[in-house]
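Q: please work out how this folds:
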Amino acid sequence: MNGTNINIKEFHVKNLSLKSAAMLLSEKLTDLGFSVVKIVPGIIKLNNLNENEEQRLNEILDRYGFEIIKDKEIILVEQIKQAVIELIHYMNNMNSVVRKSEYLVEKLGKSYSHLSRVFSKHEPITLEKYIIFQKIERIKELIDQDELTLSEIAYMMDYSSVQYLSNQFKKITGYSVTEYKNNPEGKKSFLDDID
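A: Model prediction:
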């Protein structure tokens, strides 16, 4: 019997929702001498962690804006965020955004009304608003890439028209798509204010 994986500890981590952040955190913890088994959005798995190292891990995570979570509802909220980000930012299937509620239900095994209720209980915005915010962030990325027309972006992100996308973009960000195109630098992500 191989005993190398007996001491693996898994931690659910708040605000660790991007793949790039997980990769950077994995490198940082490895550099600091932790035995990293796996770090993915929302989850850290470490091997051979003693009590002192666990305290040190908490301090390091806190320094970088992360936090170990144990409350089941808060873990679910983080899983919802990760699923929304995965759906909107990483899946290039246009039909995925259309099926967002079905995707979340399928991925997390809970009803959409339950997910929405738990999300609103622990976050300052509704799940629907969070999804819209993520869509706007993805639209910014697509505009910056300058590979698709605004019509193609509107279709891809499940907007009925360019006008509807433009109106929602201005309502959420405070500036028009044209203003954004002319000055994408310095346009702060509004998601910084809610995380």
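
Q: now for whatever helix or strand Glu106 lives in, which elements pack on it?
A: Following DSSP states H and E, one finds Glu106 within helix 100-108. Applying 3 or more CB pairs under 8 Å, 6 or more residues apart in numbering; DSSP states H and E, one finds that helix 100-108 contacts helix 72-85, helix 112-122. For the C-beta atoms, the positions are set from N, CA and C on the backbone; glycine is no exception.

Q: show me the shaky parts of the protein.
A: The chain contains residues with pLDDT under 70 at 1-6, 92-99, 184-195.

Q: just want the angle from the top helix by length along the chain to helix 100-108.
A: In the chain, ranked by residue count with DSSP state H as the criterion, the top helix is helix 127-145. Angle between the axes of helix 127-145 and helix 100-108 is 100 degrees (criterion: axes from the mean of the first three to the mean of the last three CA atoms, to 10 degrees).

Q: pop the domain breakdown of the chain in here.
A: Listed domain ranges for the chain are 8-69, 72-193 (source: automatic domain parsing).

Q: may I have the phi/psi pair for the closest residue to Lys135 other than its chain neighbours?
A: With CB to CB, 6 or more residues apart in numbering as the criterion, Lys135 has its nearest non-adjacent residue at 5.4 Å, and that residue is Met157. Note on Met157: its backbone torsions stand at phi -100, psi 10 [degrees, to the nearest 10].

Q: can you tell me how far Met157 sits from Leu104?
A: 17 Å (CB to CB, to the nearest Å).
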